[in-house]
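>>> How does the following fold in three dimensions:
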Amino acid sequence: MSLTIALAAPFRHARKERLKKNEIIYYLAFDRHWMNIEQANSLISRAAEEGLIEYEGDMIKPAFDVSQVEIPIGFKPSSAIFERSDPYQDLLGRIVSESGHPAQAVVSEMNSLIQKEFDGNLRPEAAIVILAKKYSVGFEDMLPALRDQIQKR
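Below you'll find the predicted structure:
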C-alpha cells in the first residue's frame, strides 16, 4: 500500500494527471528526500511491472484513482517499499499460521503431493493452493500474484 501512496504523492502535489518520469524522480529524491535517484527509478519500474502506472509517450499516468489514496501527514515510505513479496512464501506462511503445522511439514506435504499425486507435473504454486484449500485457508486474494509468478518462469 505504501507503494501506491508513494506514487500518488507526486501527482497530488503537482495537481496533474500525468507527469514525466524525471518529475516523479525529482519529487521522490530531491523534493521529499524519500530515496535516492536509483531507488526512485526502481520504484517506477516496479510500479510499471505491477500495473500501477501507464506510459503515454514520455508521460506517466497512474492506473488508479489518485484522489482516493490517503497520504498521511508526515508520510515517508519505509525500505520495505523496495522489497518484492513472494506470493508462494506468503501463502505458505498463511497456511503455517492458520493450520498450526510447522513450515517444514507443510513443504514436505507439498513436495509429496507434487511427486506422488502428480508425478512431478505440478508447479509448487499450484500445490500450495491445493494445500490451502485442504486446510481451509483463504487463498483467493493471492491467485493473480501466483499466476503472474508462474508466467514469469
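>>> need the contact list for Ile130.
Leu113 (CB atoms under 8 Å, 6 or more residues apart in numbering). C-betas here are computed from N, CA, C, even on glycine.
>>> How far off centre is whichever strand or helix holds it?
With elements taken from DSSP states H and E, the one containing Ile130 is helix 124-134. Mean C-alpha position of helix 124-134 versus that of the full chain (CA atoms, centre = their mean, to the nearest Å) differs by 20 Å.
>>> what's the angle from the next helix or strand after it to helix 124-134?
Using DSSP H and E, the helix or strand that directly follows helix 124-134 along the chain is helix 143-152. Helix 143-152 and helix 124-134 are oriented at 160 degrees to each other (axes from the mean of the first three to the mean of the last three CA atoms, to 10 degrees).
>>> Pull up the distance across stretch 128-145, start to finish.
13 Å (CA to CA, to the nearest Å).
>>> And for stretch 136-149?
23 Å.
>>> any idea how far the lowest-mean-pLDDT helix or strand in the chain is from the chain center?
Every helix and strand of the chain was ranked by mean pLDDT, DSSP states H and E. The lowest is helix 143-152, at a mean of 83. Remark: helix 143-152 is offset 11 Å from the chain centroid, using CA atoms, centre = their mean.
>>> before we move on, what about stretch 2-22?
18 Å.
>>> List the neighbours of that stretch that are in contact with it.
So stretch 2-22 is contacted by 23-24, 27-28, 31-32, 34, 43-44, 46-47, 50, 52-53, 56, 58-62, 64, 66-67, 69-72, 75, 77-78, 80-81 (CB under 8 Å, 6+ apart).
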